[in-house]
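[1] this one's structure only:
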Ligand code: AHR
C-alpha cells in the first residue's frame, strides 16, 4: 500500500464557483451506430421503443441526469442540411455520410426526432449548425424553425410537420472543428463566419441561445485569442451581450499516435500510464485557454467549452474503421475521473463539456448489440459523479501527492481528488490511479462538522491488480464485471474538534464519499 498517498485539507465553509451541470454533457453524432441502432431503431422495431427511440438506452441514460446532448456532429454537422431531416420520413432524401464510412444516411432521425429524444432523456438540446457547407440563411431558418412561436414562415413549416409549440433550445454551436473537417479554415476566416452565423442565430420568442464558437484543437491558444478578440468588441459592463456565449476546444486522450492509437482492451502497463499522463494534460489545456480568455474577458462572461473529450483507441477488431466503435475498460473510467477533477477545479471558466460519444462510439456510456445493451465503466463514473452537478466546488488544499510517479518524464500524481457541496450534502471524489497498490488517503475537513453517509467505489473485483485491475470491462455476456459497490474502508474521525476523512482506495479505483453537514 502507498503510505498516505494524499494528505489534503478542504474548507467546507468556503464554497467556490458552481460546477455547472453542463460539464456533464454528452454528444451524439450521426456516426457509426450512435444515432442509428444506439438510439433510433424505428417504430416497427422489435426492440421496445417510443416513437422509434429505443427505451432501454433511454432508461439507462436517465440515471446519469444528462444535462445537455450535442447533435448532429461533430464533422457531420458541417455537411448536414437540416431541411433533409424534417417532414414525412418517406420523402426525406438519402445522402452519403462522407465523414463516417460513406454509408447511406436516410435522414430518418432529424430535428423532431432529436428533440423527442431530449424530452425522453430530460435533457437540454445542444444543436450544432452547419457553418462549413451551409448558408447563413439555413442557420437563421433552423433557429426560427426550432424556437419561433408566432406565424413566421419556419414556425408555420414546423406546424405543418406536426409540432405546434417551439422548442426551448439552450446551446447552439457555430460549426465544428473549422480548422479541420469543418472547412480547413484559418482562425481569422472562421471568426468572420462565426460572427455572421452568430448574428443570424437570433433569440426568438423568449428563447435565449448560448452560442458556442467552434474553438481550438488541443493547445492552439492563438485560435482562442483570435476568437476572443472578436467577442471582446461587444464585451464590457455597458454591453453584457457578447457575440458568442462560449468558445470551445477539443481534446482527446490517445495513448499512441493518430495512426496507431492502441487497443481499447489489450494494453500493457506502460500504455496505461501514458494514457493517464495524457488524460491529466486536460488540466493544463483548460488553464491555458482560460488564461487567454481572462485577458479579454476578466469577468468570465464567456464560457470555455470542452465540447469533445474522451479516449480514442483503435476500433474493435473486425468493425468498420469509420464507425469508431471501441470497448471501454476501468482505464476509461479513470480517464473520466481525472477529467472530472480538472473540470471541478476550473469551474469558474469551464462551464460546458461533452464526452464523445454517448453510445457505441469512442468513450461511450452504453454499448448495444442488437436488442442487448450494457453500461460501461465510464457510465458508472458519470453516475457516481452526478451529485457534483450544480454544486459549489470546494478547493482541495495542501495536497501532498506523495504517490507521484515518473511517467515519460512527467511527475504524475497517482491520487486525484475534488469535492463539492450542495444543500448540506458534501461529495468527495477520490481516484487511485495505481493499479499495483491500494492508496490510503486522509482529508482534513475544516469549517463544519459532517456525518458519513457512505462511500461507493468503482474498481475491478476485489484482489485484482496490475493488468487485471485496469483491463477489466463489461461484455454482453458479463455486463456487470465492473459495477459500483459500497466501500467500507472509509471513516470520519474527530481530532481536536476537526473531522478527518480517511479511506483506503483499492488499486485503480474511483470512489465517491457522501457526507452531510447538519
Ligand atoms: O467525435 C468524433 C469526431 O472527432 C468528431 O466528428 C470531430 O469533431 C472530431 O474530430
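    Thanks, I have the structure now. Just so we're clear, the structure is a prediction, and the values are computed from it rather than from any experiment.
[2] Enumerate every residue touching residue 353.
    Residues near residue 353 by CB atoms under 8 Å, 6 or more residues apart in numbering: 22, 23, 24, 25, 305, 306, 307, 309, 339, 343. Yep, even glycine has a C-beta here, placed from its N, CA and C like the rest.
[3] Report the buried members of those.
    22, 23, 24, 25, 305, 306, 307, 309, 339, 343 (16 or more other CB atoms under 10 Å).
[4] So the last one is in contact with residue 352, correct?
    This means residue 343. No. Contact criterion CB atoms under 8 Å: residue 343 and residue 352 do not qualify, at 10.1 Å.
[5] all strands of the stretch 1-150 of the chain, in order?
    Listed in chain order, the strands of the stretch 1-150 of the chain (DSSP state E, counting those that start in this stretch) span 2-11, 25-27, 49-50, 53-54, 68-71, 95-97, 103-105, 124-129.
[6] Check those strands for me and report the most buried one.
    The highest mean neighbour count among those, using mean count of other CB atoms under 10 Å, belongs to strand 68-71: a mean of 27.
[7] what is the mean pLDDT for that strand?
    Mean pLDDT, strand 68-71: 98.
[8] Who are the packing partners of that strand?
    When contacts are defined as 3 or more CB pairs under 8 Å, 6 or more residues apart in numbering; DSSP states H and E, strand 68-71 packs onto strand 25-27, helix 111-121, strand 124-129, strand 171-174, strand 350-356.
[9] rerun at 10 Å
    strand 25-27, helix 111-121, strand 124-129, strand 171-174, strand 303-311, strand 350-356 (3 or more CB pairs under 10 Å, 6 or more residues apart in numbering; DSSP states H and E).
[10] intersection of neighbour lists for residue 343 and residue 352?
    20, 23, 24, 306 (CB atoms under 10 Å, 6 or more residues apart in numbering).
[11] Same list (the residues you listed) but as TSV, adding distance to residue 131 and pLDDT.
    Converted to TSV, the shared contacts of residue 343 and residue 352 look like this (distance: CB to CB, whole Å; pLDDT from 0 to 100):
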residue	distance to residue 131	pLDDT
20	25	98
23	24	98
24	26	99
306	19	98
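[12] Export the residues you listed to JSON lines and append columns for distance to residue 486.
    Formatted as JSON lines, those follow (distance: CB to CB, whole Å):
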{"residue": "20", "distance to residue 486": "29"}
{"residue": "23", "distance to residue 486": "26"}
{"residue": "24", "distance to residue 486": "23"}
{"residue": "306", "distance to residue 486": "32"}
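[13] For these, give me TSV that also has distance to the ligand.
    Below are the shared contacts of residue 343 and residue 352 laid out as TSV (distance: CB to the nearest ligand atom, whole Å):
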residue	distance to the ligand
20	22
23	18
24	17
306	12
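[14] Poorly predicted segments of the chain, please.
    1-6, 232-241, 398-403 (pLDDT under 70).
[15] that older thread, CSV please, covering the helices and strands packed on strand 68-71 and showing distance to residue 294.
    Formatted as CSV, these follow (distance: least, CB to CB, whole Å):
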stretch, distance to residue 294
strand 25-27, 23
helix 111-121, 33
strand 124-129, 25
strand 171-174, 22
strand 303-311, 10
strand 350-356, 12
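[16] can you give me the strands in the stretch 351-500 of the chain?
    Taking DSSP E, counting those that start in this stretch as the test, the strands found in the stretch 351-500 of the chain are 366-369, 372-375, 392-394, 396-397, 405-407, 410-412, 415-422, 425-432, 439-446, 451-458, 485-486, 490-495, 498-505.
[17] Which positions within the first one qualify as buried?
    Think strand 366-369. Going by neighbour count (16+ other CB under 10 Å), the buried part of strand 366-369 is 366, 367, 368.
[18] Tell me who's in contact with the last one.
    Yep, that's residue 368 we're talking about. Contacts of residue 368 (CB under 10 Å, 6+ apart): 33-34, 37-39, 41, 47, 54, 56-57, 359-360, 374, 476.
[19] Show me which of those residues is closest to the ligand.
    residue 34 (9.2 Å; CB to the nearest ligand atom).
[20] what's the distance between the nearest residue to the closest one once chain neighbours are set aside and residue 328?
    Excluding the flanking residues, the one nearest residue 34 by CB to CB, 6 or more residues apart in numbering is residue 361, at 4.4 Å. The spacing between residue 361 and residue 328, counted by CB to CB, to the nearest Å, is 11 Å.
[21] shared neighbours of these two, anything?
    Contacts common to residue 361 and residue 328, judged by CB under 10 Å, 6+ apart, are 310, 367.
[22] between the two, who's got more neighbours?
    residue 328 (29 against 26; other CB atoms under 10 Å).
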